[in-house]
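Visitor: got a sequence here, can you model it:
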Amino acid sequence: MNKLNKLFLLGITVILISCSSSELVEVWKNPDIDSFEANKVLVIGMTSDTDTRKVFEKKLTASLKKNGVTSEKSIDFFEKSFTKSPKTEEELMAIENKLLESGFDAILLSKVVAIEDKVTVVNAYRNMDKDFRNFKDDYYQNQSIYYEDGYYEEYEIYHAETSLYCICPDKKRELIWKGSIDITEPENIKKATGDYIKVLIWALKGQKLLIIEEELNNEDIDI
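Guide: Numbering: from 1, shown residues only. Just a heads-up that it's a prediction; the model follows:
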């Protein structure tokens, strides 16, 4: 594919994303990391709605697979009782070690961090401005999403966030990338989930994270 065709496809992609119910509004990437590939990724969708969690994790793992990334749904990896009660920091550390033993070296953690219009007062903006440097702290501070009734009510815009964490044994288990995505049509779960994942995959590709596309060779450039 020549350079002009690639630019054309990029333009089409931007147009499609702009028409989506999801919009990437903010990103952060570890400045010490240019690109990051993983052998196996655990996909976690933090929500108290089990059906929504199943749909999200299934769609995201399928999209990652299409792009050559090996991943597994947390709803398959964790025991059914895992989200029924809060986990201690020590338990989460043991879970990280279990993930390492099972060949995982990265985690994609997605959650809704705030909702505009009608929200519960206690939890809605609790952690929106916090920067978690590792998976354990992030999960520990937000796990009440799973089991608290009335976490959110009616809505207009969901402010969601996906974080990519490395759990590599030879380095600190650190935050690689974080993207904030606004969802404007959350009442249509299937459409909202599909749009969110399209934006997420597009963002990961652009940042050369998990999905590493081949660079253009000189012979591919034909103007």
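
Visitor: so where is this protein shaky, pLDDT-wise?
Guide: 1-20, 114-133, 144-156, 170-173, 185-187, 214-223 (pLDDT under 70).

Visitor: now do the helices in it.
Guide: 3-18, 50-66, 74-77, 89-101, 135-142, 189-206 (DSSP state H).

Visitor: right, and those - which one's nearest Val113?
Guide: helix 135-142 (8.0 Å; Cβ to Cβ). Bear in mind the C-beta positions are built from the backbone N, C-alpha and C, glycine included.

Visitor: buried set for the closest one?
Guide: Phe135, Lys136, Asp137, Asp138, Tyr139, Tyr140, Asn142 (16 or more other Cβ atoms under 10 Å).

Visitor: turn the helices of the chain into CSV, columns for distance to Lys111.
Guide: Shown next, in CSV, are those (distance: least, Cβ to Cβ, whole Å):
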stretch, distance to Lys111
helix 3-18, 21
helix 50-66, 11
helix 74-77, 12
helix 89-101, 15
helix 135-142, 6
helix 189-206, 12
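
Visitor: which of those helices sits closest to Glu37?
Guide: Nearest of the helices of the chain (Cβ to Cβ): helix 189-206, 11.1 Å.

Visitor: now the angle from the closest one to helix 50-66?
Guide: For helix 189-206 against helix 50-66, the angle by axes from the mean of the first three to the mean of the last three Cα atoms, to 10 degrees is 40 degrees.

Visitor: so which elements touch helix 189-206?
Guide: helix 3-18, strand 22-29, helix 50-66, strand 157-166, strand 175-183 (3 or more Cβ pairs under 8 Å, 6 or more residues apart in numbering; DSSP states H and E).

Visitor: report the inter-axis angle for it versus strand 22-29.
Guide: 30 degrees.
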